[in-house]
Structure formats: structure tokens, C-alpha cells
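Colleague: fold the following, please.
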Amino acid sequence: MTFYRTTRLMLSSAAILSFANSAFALDGNDLLKKINDAYAQQGGSIAAESIDISGTTVTLKGASVKAAGTTDGVKVGDITLTGVAEAGGGYTVDQIAFPDVATTKDDVTIAASDLKMSGVEIPADATKGDLDSLLLYKTAHAGSLSFTKDGTKVFSFTDADATLNKRADKSGLDFNANVNGITADLSKVADPQTKEAINQLNLQQLSGKIAMKGSWEIAPGRIDITEYSLDFKDVGKLNIALSLSGYTPAFSKSLQDALKTVRSNPNQQDAQQSAGLAMLGLLQQLTFNSAQIRFDDSSITSRALEFAGKQQGVSGKQLADTLKAMTPIMMAQLNIPELQNAVSAAVSAYLDNPKSLTVKASPDKPVPLPMIIGAAMGAPQSIPQVIGLKVSSND
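Modeller: Residues are numbered from 1 along each chain as shown. Coordinates of the predicted model:
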């Protein structure tokens, strides 16, 4: 009797466990659909030949990715998602790992390794227009990447990392990214004039890094890019900062819809005209807060002056003196005395001792973008006052 009771208990337990596993098994097709719903907001899609599920691991077998503006998908192989869990109709994924890339086309070989994303959130509804409707990740990483042509590695970087921090109150995101160990080989350039310029400027081998940092507040659509820098050895560091408001999820969707319309229209001339009108309408929603472009020299300026001066039969110092004399004359044509004086003083100081050159626009209060466009078209001399334009050097 005990034997039969034990047997029934074991069979009942097995049935319950079987039912539970069936009830809580991941739906791979729904997972891929929700990924595509979110990715489609950027105009792309992911396809898979089959979907394999093992516990909380989902593998998209034979996956291909079609990016915005392309007609054919690119085969990437198996994409592995580990630690997948349902979350409020959407999904969370501990890590998404992509296969290494090694492909050759037109004698150019592209190789990339260790591609992965961690802490991924896949939304249940990608159309709500809030932070929860976005496909987000906490970290993204790429190992080495290289482009090789005819046996020569023309471009590469050692690694790249990006992070997204979703604020606890869901008001926005903070982000940063770094691309390290960049190298570019310009020594094989074929055009004689370009090759001469590269040699004279000592740019045969470039090495450097790229960095980006900023934030996005969802409700006002305020994007603050505090750093977008390209820093190359023996050249210099170019850093761009920009702040705009009005770039909301709704604005982003309208922008993507306009681009989709252009790509789907077989008559590209009509499509581009329509897109131009659509863009003008969208720009009405944006507000300019501030911007800055700064260049910190690392010897490229003196080499450029020497090279350009040699083309004209003068020394770099003589060319610099000529440029200092010409700047006030050229600026006078704008009929903006205050800007003329500031630019002339900045250029003169920079050419005498190249350290840094900064162009900054910081209005007293945010300016609607259409107002800036209107000023540029109707009264360009008013632009410095409208956007608070200032130029300085060596500060």
C-alpha cells in the first residue's frame, strides 16, 4: 500500500513539475518579437532561422541583422541570451553575446571579437513614449576591431565600452562611451597629393581615443552632450559639447518615421523634398541651449602652417603673420564689430602660440531653433547676439 501511495505521489509530483515547466517556459518567438518592436523604432530588425531555449538561455540560431537604410540583412550567426526572465510583459536579460565577426568583401577584411551587452531591458510596449518603452542596457562592450585591406591593417581599436544609467525616478538616462587604442595607417594612401600632405604633416600613423559623455531627460527631451572628443597623439584633442531640448521619444519616433518614408519611396528626389519639409516641421520642436567646440593643439598647427606655407613659398611664421593680417579684413565683411575683434584677437594669439581655440555659444536663455535659422537667413549679423557666440584662445 505504501508502495502505491509513494508511486502516486511521485507521478503527481512529476505531473505538477511538468505543468510548471510548461507554464513558465520562455516564449522565444515573443522575445524576438518584442526585441524587434523596440529595434524597429530605429528602423532595424533581427531575424533568426530558429530559436533554441534551454532553461533561461535563449539562442537565436542563424541570426541576421538588418540595419536602417539597408535592404538585405547581414548574417551574424548565433546570438546567445543568458539569464532571460519575463518582467511585466517584457523581458530582462543578464547578457547578450554576439559571435565574433570575420568577413571579407572587396579585399577588405573586418574582424571583431568579444561583442556583448549586459543588463538588457526589453520593453513590453515600445510605443508608449516613455523610458520603459525603450530597449536599454547597462553596459555594452566590444573587444578588438580591425579593418584590413590588401594585408595592411588600416584601422583598428583595442576595445570599446559604453554604459547607460537609468535614473531611479525614471526621469532620464546618463550615458558614456569610450573607444580605446585607436590606430590608423595612412601610409598606403595612393593619391600623390594626399600622400605628400600626410607625409609632410607626419600623419602616416595615427593613434588615439574617442570619448563621449552626456545625459537625456525624457519629459523635456533635453539632451546634454558634455563631451564628444577625438584625442589623437601629436595632433590634438577636438571636443564638442551640445545641449538641446525637445528631443522627446515622440520627436524621435517622428524623425524615424520621416526617414522610413524616404527610404521606402522609389522616387528619391520627391522623397527628399518631402523629407526636407518634414524636417523643417520637426525642427520647430527643438530648442537650442548651448554648444561649444574646443581644440587643444598637440603640434599639428605648426606642422600645418609649415606645410601650407611651403606650398606658397613662405615659412610657417610668415604664413601665420599673413593669416593674422587677413582675419580682421575677412571678418569685417560680416559687419559685426564685436565678433570681428574677438575672432581677430583669438586667432592672433593662437597662431603666435598654438595651445587651444574655443568657439562657444551660450545664450542668456534657450532659443527656439527656428529663430536661429530665421536669423541666419534674414539677418546673419544678429547671430552672435541671438546665440551668445564667443571665441577665445589659449584659455
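
Colleague: any weak-confidence spans in the stretch 1-150 of the chain?
Modeller: Applying pLDDT under 70 to the stretch 1-150 of the chain picks out residues 1-24, 68-71.

Colleague: do a quick rundown of the helices in it.
Modeller: Residue ranges of the helices in the stretch 1-150 of the chain, as given by DSSP state H, counting those that start in this stretch, are 2-24, 28-39.

Colleague: what's the last one packed up against?
Modeller: Read that as helix 28-39. The helices and strands touching helix 28-39, judged by 3 or more C-beta pairs under 8 Å, 6 or more residues apart in numbering; DSSP states H and E, are strand 45-47, strand 50-54, strand 57-66, strand 90-98, strand 115-122. Any C-beta I mention is one placed from the backbone N, CA and C, and that applies to glycine too.

Colleague: show me which residues of it are buried.
Modeller: 28, 31-32, 34-35, 37-39 (16 or more other C-beta atoms under 10 Å).

Colleague: CA atoms of that helix as PDB?
Modeller: Once non-C-alpha atoms are left out, helix 28-39 reads as follows in PDB (Å, rounded to 0.1, in the frame of the first residue of the first chain):
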ATOM      1  CA  GLY A  28      11.300  32.600 -27.800                       C
ATOM      2  CA  ASN A  29       9.100  33.900 -30.600                       C
ATOM      3  CA  ASP A  30       7.600  36.500 -28.300                       C
ATOM      4  CA  LEU A  31      11.000  37.500 -27.000                       C
ATOM      5  CA  LEU A  32      12.300  38.100 -30.600                       C
ATOM      6  CA  LYS A  33       9.100  40.000 -31.500                       C
ATOM      7  CA  LYS A  34       9.500  42.400 -28.600                       C
ATOM      8  CA  ILE A  35      13.100  42.900 -29.400                       C
ATOM      9  CA  ASN A  36      12.100  43.800 -33.000                       C
ATOM     10  CA  ASP A  37       9.300  46.000 -31.800                       C
ATOM     11  CA  ALA A  38      11.900  48.100 -29.900                       C
ATOM     12  CA  TYR A  39      14.500  47.800 -32.600                       C
END
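
Colleague: before we move on, the earlier item: would a markdown table of the helices and strands packed on helix 28-39 with distance to residue 314 and mean neighbour count be doable?
Modeller: Output for the helices and strands packed on helix 28-39, formatted as a markdown table (distance: least, C-beta to C-beta, whole Å; neighbours: other C-beta atoms under 10 Å):
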| stretch | distance to residue 314 | mean neighbour count |
| --- | --- | --- |
| strand 45-47 | 57 | 16 |
| strand 50-54 | 68 | 13 |
| strand 57-66 | 53 | 18 |
| strand 90-98 | 54 | 19 |
| strand 115-122 | 51 | 20 |
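
Colleague: make a markdown table from those strands and add distance to residue 192 to it.
Modeller: Formatted as a markdown table, the entries for these read as follows, by distance: least, C-beta to C-beta, whole Å:
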| stretch | distance to residue 192 |
| --- | --- |
| strand 45-47 | 45 |
| strand 50-54 | 53 |
| strand 57-66 | 40 |
| strand 90-98 | 41 |
| strand 115-122 | 39 |
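
Colleague: now do the host helix or strand of residue 360: everything it contacts.
Modeller: Remark: residue 360 resides in strand 356-361, with elements defined by DSSP states H and E. Contact partners of strand 356-361, identified using C-beta atoms under 8 Å, 6 or more residues apart in numbering, comprise 288, 290-297, 346-347, 350, 387-395.

Colleague: swap in 7 Å and give it another go.
Modeller: With C-beta atoms under 7 Å, 6 or more residues apart in numbering as the test, strand 356-361 has contacts from 290-297, 346, 350, 387-395.

Colleague: name the helices or strands packed onto the very next helix or strand once past that strand?
Modeller: Note on strand 356-361: by DSSP H and E, the next helix or strand toward the C-terminus is strand 367-368. Applying 3 or more C-beta pairs under 7 Å, 6 or more residues apart in numbering; DSSP states H and E, we find strand 367-368 packed against strand 287-297.

Colleague: mind listing what's buried in stretch 283-303?
Modeller: If you call a residue buried by 16+ other C-beta under 10 Å, then stretch 283-303 has these buried ones: 285-292, 294-298, 300-301, 303.

Colleague: closest one to residue 367 out of those residues, please.
Modeller: When those are compared for distance to residue 367 (C-beta to C-beta), residue 288 comes out closest, at 4.9 Å.

Colleague: contacting residues for the nearest residue to the closest one once chain neighbours are set aside?
Modeller: Distances taken as C-beta to C-beta, 6 or more residues apart in numbering put residue 367 closest to residue 288, at 4.9 Å, once the chain neighbours are dropped. If you count contacts by C-beta under 7 Å, 6+ apart, residue 367 has them with 287-288, 386-387.

Colleague: quick one, strands of the stretch 51-200 of the chain?
Modeller: Shown for the stretch 51-200 of the chain, the strands assigned by DSSP state E, counting those that start in this stretch span residues 57-66, 74-87, 90-98, 101-105, 108-112, 115-122, 139-142, 145-149, 152-157, 159-166, 172-185.

Colleague: report the beta-bridge partners for residue 57.
Modeller: Residue 57 has these beta-bridge partners by DSSP bridges: residue 54.

Colleague: do I have it right that it meets residue 85?
Modeller: No: between residue 57 and residue 85 there is no contact under C-beta atoms under 7 Å: 11.4 Å.

Colleague: many thanks, we can stop here.
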